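> sequence plus the predicted model coming up.
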Amino acid sequence: MANCSLSNSARPLVIDTSVTINLTACGLGSRLLLSLDRPILVVRTVIGELEDGGERGQIVLTALDQWRRDRLIDIVDLQGEGCDLFEDLISGGTIDTLDDGEAATIAHARQVSGVAVIDDGKANRIAAQRFPELPLASTVDLISNERAIADLGQDAIADALFGALVGARMRVLPRNISMVVQLLGPRRTAQCHSLPRFVRPL
């Protein structure tokens, strides 16, 4: 599996529903998207999930609309082989199937030779097993990308991570936990209940 593949700026980023929620909650969504300096795509299936997401979904949709008008993201449709792969990923036994947004994100990323940005552990496992050539990244990778740290500073990045963790209960993949805890420090880490209990001070 090609984890956290943000070094090749030619690859578009295809972001999942939870990633849009986290970027909205972090407080620096627009500046972070700008710092990535590459195409950022949201599959229309994700928009449908947000439309069913109540008040929080509407807040995120408002942010997405602004980002689209600012040309920071594009809304795209699944087509052809992407549709077939999507159907395959949502069909079958529960242990090997994905939610619609995750499946659409993976399917489109594979079709356009992009990076699938997903925080869910199960979705990452399935993507890695079925498509080992598909680059994967997480919200944490986007927030803590090198250019964002250089432009905004570590304190601002730590604030953004804290905002996503507290405001959206952002899930953090095991490979990202150590870095997140280091940036947050013990006091703020203790307040982030979506982090594993073993890293939160008592």
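Done, it's in.

> and the strands in this protein, which stretches?
With DSSP state E as the criterion, the chain has strands at 2-3, 13-15, 40-43, 74-76, 115-117, 135-137.

> just these: most buried one?
strand 13-15 (a mean of 28; mean count of other C-beta atoms under 10 Å). To be clear about C-beta, it is placed using only N, CA and C from the backbone, and glycine gets the same treatment.

> which residues touch that one?
Here strand 13-15 makes contact (C-beta atoms under 8 Å, 6 or more residues apart in numbering) with 6, 23, 36, 38-43, 46, 73, 105, 108-109, 112, 114-117, 137, 142.

> tabulate the strands of the chain (CSV), appending distance to Pro201 and mean pLDDT.
CSV is the format used below for the strands of the chain (distance: least, C-beta to C-beta, whole Å; pLDDT from 0 to 100):
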stretch, distance to Pro201, mean pLDDT
strand 2-3, 28, 44
strand 13-15, 32, 99
strand 40-43, 35, 99
strand 74-76, 41, 98
strand 115-117, 30, 98
strand 135-137, 28, 96
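
> any chance of these in TSV, plus distance to Arg169?
Formatted as TSV, these follow (distance: least, C-beta to C-beta, whole Å):
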stretch	distance to Arg169
strand 2-3	22
strand 13-15	17
strand 40-43	20
strand 74-76	25
strand 115-117	17
strand 135-137	19
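
> show me the one of those strands that comes nearest Ser30.
strand 40-43 (11.3 Å; C-beta to C-beta).

> partner strands of that closest one, parallel or antiparallel?
With DSSP bridges as the test, strand 40-43 is paired with strand 13-15 (parallel), strand 74-76 (parallel).

> how about Asp88, what does it touch?
For Asp88, the contact set (C-beta under 8 Å, 6+ apart) is empty.

> check Met170 too.
Residues near Met170 by C-beta under 8 Å, 6+ apart: 18, 22, 25, 119, 139-140, 161, 164, 194.
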